[in-house]
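A.B. asks: coords please:
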Amino acid sequence: VLTGMDPLAVIANPVTIGVFCGLLFGKPPGIFLATWLTVKLRLSDLPAGVSWGHIAGVSVLGGVGFTMAIFVTNLAFVDASTIAMAKAAILAASLVAGVAGFLVLRRVTDEEEEEGAAELEAEGTVERS
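C.D. replies: Reported below is the predicted structural model:
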């Protein structure tokens, strides 16, 4: 419960900032770099039809960290107000990560559709010649 708390105090709290930034700026690069490393080391391959843009989008979606983030929060903190601030940061970061991940994946899909349409158009002009 955050009622009665100063919103600026919640936003400026180091716990809130740390949890929010960890979910948004820590998890996505970690997911992307781990995937990149396993592919470069030939421990795995990207599935057919999956591009690095898809991996970037899914990495951003990794910032939606509800279950484990709340579990760790409950283990890490004992003060109810600190737990509440961490949970607010988890909720905010999850919302931002969800929207940002959607936008990245939408852009990748739009670009692929444009490339596909251009290829079909080019093939159509080649067939007409």
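
A.B. asks: in this protein, which spans are helices?
C.D. replies: 7-12, 14-21, 27-40, 52-61, 66-76, 80-128 (DSSP state H).

A.B. asks: in the shortest one, what's buried?
C.D. replies: By neighbour count on 16 or more other C-beta atoms under 10 Å, the buried set for helix 7-12 is V10. From N, CA and C alone the C-beta is placed, and that goes for glycine too.

A.B. asks: and it, how far out from the chain's middle?
C.D. replies: The chain centroid and the centroid of helix 7-12 are separated by 24 Å under C-alpha atoms, centre = their mean, to the nearest Å.

A.B. asks: Straight-line length of stretch 75-85, end to end?
C.D. replies: Stretch 75-85 has an end-to-end distance of 14 Å (criterion: C-alpha to C-alpha, to the nearest Å).

A.B. asks: re earlier: okay, the helices of the chain, which one's buried deepest?
C.D. replies: Most buried of the helices of the chain by mean neighbour count (mean count of other C-beta atoms under 10 Å) is helix 52-61; its value is a mean of 19.

A.B. asks: same for that one, what does it pack against?
C.D. replies: Packing partners of helix 52-61 (3 or more C-beta pairs under 8 Å, 6 or more residues apart in numbering; DSSP states H and E): helix 27-40, helix 80-128.

A.B. asks: what's the offset of the last one from the middle of its chain?
C.D. replies: Here helix 80-128 shows a centroid-to-chain-centroid distance of 10 Å under the convention C-alpha atoms, centre = their mean.
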